[in-house]
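**Student:** Coordinates only, no sequence provided:
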């Protein structure tokens, strides 16, 4: 009466008064080095880090991630025809935080493809899962990783003295093998490993102590040109051997 306030319930921290509007955002990367460019290898791991906001602490949530082919906007399938999907249940201790999903896949058929990770978040209520948040944008760069062309190498061996494919059977001979590479990732460290082989026997050459004649070289690729995501180039690897028996 007379607009007199007789009771209030206005506690900003009262959980019983609080309604949550969850949201998620994701960032997909190569688990090995944390970037967004991957090689189409037999076993590759894509890590999708999901940042969540406004979850109810102490409640169980289920996160489901699905790999999508950006070109077709359809779910990727494994060699058995099953959709590539990963599920993880977690219980947040705070309303905001992060959780990750790992997708371990055979990527040998994904060269030159862009793969997008779609995520759905559900909360358990009894025996029912209720969808509370999604992040499914096929054009979202954060959700996308790219599989580059498969790396390739070719080599050209020459004698350091003659500059040709002919060597003298001397006690000390140096063979220079020029390795041409394509489709390597820019600004990454690689290691070349070379072994000399006897063509007639198909076996590896050995020195007088019975050790294989090998050489290694570590190198770092240059920056990529504008608009390109891989680099091509050459590196030299050097073999020094006693060729008097050859």
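**Tutor:** Nice, thanks for sending it over. Predicted model only: the values in this text are computed from it and were never measured. Numbering: from 1, shown residues only.
**Student:** and residue 121, how many residues sit next to it?
**Tutor:** Counted with other Cβ atoms under 10 Å, residues neighbouring residue 121 total 22. Every residue, glycine included, has its C-beta placed from N, CA and C.
**Student:** Pull out the buried positions in the helix or strand harbouring it.
**Tutor:** Under the criterion of DSSP states H and E, residue 121 resides in strand 114-125. Buried positions in strand 114-125, judged by neighbour count with 16 or more other Cβ atoms under 10 Å: 114, 115, 116, 117, 118, 119, 120, 121, 122, 123.
**Student:** what do you get for stretch 226-241?
**Tutor:** Those would be 230, 231, 235, 237, 239, 241, for stretch 226-241 by 16+ other Cβ under 10 Å.
**Student:** Helix or strand, whichever it is, which one in this structure has the lowest mean pLDDT?
**Tutor:** strand 37-38 (a mean of 85; mean pLDDT, DSSP states H and E).
**Student:** correct me, but residue 204 touches residue 210?
**Tutor:** No. With contact defined as Cβ atoms under 8 Å, residue 204 does not count as touching residue 210 (11.1 Å).
**Student:** who's more crowded, those two?
**Tutor:** The neighbour comparison of residue 204 against residue 210 (other Cβ under 10 Å) goes to residue 204, with 13 against 6.
**Student:** And the residue nearest the centre of the protein?
**Tutor:** The centroid of the chain falls nearest to residue 30 when counting by Cα atoms, centre = their mean (2.5 Å).
**Student:** What about the nearest residue to that one once chain neighbours are set aside, how many residues nearby?
**Tutor:** Closest residue to residue 30 apart from its sequence neighbours, by Cβ to Cβ, 6 or more residues apart in numbering: residue 38 at 4.8 Å. For residue 38, the tally of surrounding residues (other Cβ under 10 Å) stands at 23.
**Student:** contacting residues for residue 38?
**Tutor:** 30, 44, 46, 107, 145, 146, 147, 148 (Cβ atoms under 8 Å, 6 or more residues apart in numbering).
**Student:** Could you count how many residues lie near the third one?
**Tutor:** The reference is to residue 46. Residues near residue 46, counting by other Cβ under 10 Å, number 24.
**Student:** one step back: hmm, the residue nearest to the centre of the chain is touching residue 48, no?
**Tutor:** No. Here residue 30 does not reach residue 48: they are 11.2 Å apart, not a contact under Cβ under 8 Å.
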